[in-house]
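Student: Structure here, sequence nowhere to be found:
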């Protein structure tokens, strides 16, 4: 008969930052991610790069993520022989993420001083008609050059463009950026990434709960501790896979930007944004430190281009840091430019 240990889920949701076990596991996990990103991940990515179409890659990667998640949870609940309060854990993580999803549009509107702009709305309406979707609300935000899509069923959908980006881009480049953001709404990326983002969190907190429970279990303590550590390791591997899936969604949104305008317009808009942050690196800290950076059209922690090399062709040929790419939600600009070249319209 399977034994059930009484690990209260509240230990995973209160004052975690003060828990030395939680902090040690988090540090261990991030070191593992850096190790994988600098060694194994680039080799694997290099072998599979270009072998699959964008759609096939997304399907394969999503199936891999779900399979690893399901197998890990099954092993924890059945092979190990202990049942964590999995329902309570999933409900807690799900409720917290849903609350963030519901509240984030209000937080974004407040944080970025978002204001409706009817001139921008006319551009959004035109691009939406080309892509065959209902136009989202257009807002201007105060920020370094960037754009993002957000919203939910309560607030409606938004496309935000920073005031500085409006000054930086030409009309066709602006339309390409808006097409990219509308693509995120069209593909329901907010909901898709909310779901996939839950999976590594659930595995991590299962492992964390098992390690905690091992301290009060003399008979099976070592087994629980080992299983918990393995679960934590797997959670960070799944996180890398989720980040890779997020990068594929960015390519998918770039595709919509091209369809709405042209390859040239999409490439020029991305290159202009990229080179702005190269020339003015102080602005990079503002977007790299933002809690909403995963939404931005440009969100790499560090830029990759030389500030004096402004030509798109030179950007395309630039080498990128494998570590930076693996640990980012967004693909590097040189790779996005090369991807746009490969699009068949």
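Tutor: Now that the structure is in, tell me what you want to look at. Given the structure is predicted, the values throughout are model-derived calculations rather than measurements.
Student: Run through the stretch 151-300 of the chain and note the low-pLDDT ranges.
Tutor: 285-295, 297-300 (pLDDT under 70).
Student: All the helices of it, in order from the start?
Tutor: 163-168, 171-186, 189-214, 221-260, 263-279, 284-288 (DSSP state H, counting those that start in this stretch).
Student: most packed of those helices?
Tutor: Sort the helices of the stretch 151-300 of the chain by mean neighbour count, taking mean count of other C-beta atoms under 10 Å, and helix 171-186 sits at the top with a mean of 24. For glycine as for every other residue, the C-beta is placed from the backbone atoms N, C-alpha and C.
Student: The helix or strand harbouring residue 126 packs against which elements?
Tutor: Element membership of residue 126, judged by DSSP states H and E, is helix 118-131. Applying 3 or more C-beta pairs under 8 Å, 6 or more residues apart in numbering; DSSP states H and E, one finds that helix 118-131 makes contact with strand 137-141, helix 171-186, helix 221-260.
Student: residues near residue 53, how many?
Tutor: 10 (other C-beta atoms under 10 Å).
Student: Quick check: phi and psi at it.
Tutor: Taking degrees, to the nearest 10, you get phi -70, psi 170 for the backbone angles of residue 53.
Student: same question, residue 217
Tutor: Torsion angles, degrees, to the nearest 10, at residue 217: phi -130, psi 100.
Student: Ok, residue 153 next?
Tutor: The phi/psi pair for residue 153 (degrees, to the nearest 10) is phi -70, psi -20.
Student: measure it to residue 254 for me?
Tutor: 26 Å (C-beta to C-beta, to the nearest Å).
Student: got a list of what the nearest residue to residue 183 once chain neighbours are set aside touches?
Tutor: Nearest residue to residue 183, sequence neighbours excluded (C-beta to C-beta, 6 or more residues apart in numbering): residue 256, at 2.9 Å. Each residue near residue 256 by C-beta atoms under 8 Å, 6 or more residues apart in numbering is listed here: 131, 179, 180, 182, 183, 186, 187.
Student: can you tell me which two in those residues are farthest apart?
Tutor: With C-beta to C-beta as the measure, no two of the contacts of residue 256 lie farther apart than 179 and 187, at 12.3 Å.
Student: Spit out the contact partners of residue 159.
Tutor: Neighbours of residue 159 in contact, by C-beta under 8 Å, 6+ apart: 124, 136, 137, 138, 139, 147, 148, 149, 178, 181, 182, 185.
Student: Out of these, which is nearest to residue 229?
Tutor: Using C-beta to C-beta, those come closest to residue 229 at residue 148, 36.8 Å.
Student: what about the closest one, distance to residue 253?
Tutor: For residue 148, the distance to residue 253 - C-beta to C-beta - is 11 Å.
Student: any residues in contact with both of the two?
Tutor: Common contacts of residue 148 and residue 253 (C-beta under 8 Å, 6+ apart): residue 181.
Student: need the contact list for the closest residue to residue 180 other than its chain neighbours.
Tutor: Distances taken as C-beta to C-beta, 6+ apart put residue 257 closest to residue 180, at 3.8 Å, once the chain neighbours are dropped. If you count contacts by C-beta under 8 Å, 6+ apart, residue 257 has them with 176, 177, 178, 179, 180, 183, 265, 266, 269.
Student: So the first one sits against residue 255, correct?
Tutor: No - Residue 176 sits out of contact with residue 255 when judged by C-beta atoms under 8 Å, with a separation of 11.3 Å.
Student: ok, now which ones touch the spatially closest residue to residue 239 that is not a sequence neighbour?
Tutor: Excluding the flanking residues, the one nearest residue 239 by C-beta to C-beta, 6+ apart is residue 200, at 4.2 Å. For residue 200, the contacting residues are 69, 235, 236, 238, 239, 242, by C-beta under 8 Å, 6+ apart.
Student: Then residue 26?
Tutor: Neighbours of residue 26 in contact, by C-beta under 8 Å, 6+ apart: none.
Student: Am I right that it is in a strand?
Tutor: No - remark: residue 26 does not belong to a strand; assigned using DSSP: H, G, I helix; E, B strand; the rest coil, it is helix.
Student: how close does it sit to residue 277?
Tutor: From residue 26 to residue 277 the distance is 29 Å (C-beta to C-beta).
Student: follow-up on the earlier one: make a markdown table out of the contacts of residue 159 and add distance to residue 321.
Tutor: Compiled in a markdown table, those are given as follows (distance: C-beta to C-beta, whole Å):
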| residue | distance to residue 321 |
| --- | --- |
| 124 | 34 |
| 136 | 34 |
| 137 | 36 |
| 138 | 35 |
| 139 | 33 |
| 147 | 24 |
| 148 | 24 |
| 149 | 27 |
| 178 | 29 |
| 181 | 26 |
| 182 | 30 |
| 185 | 30 |
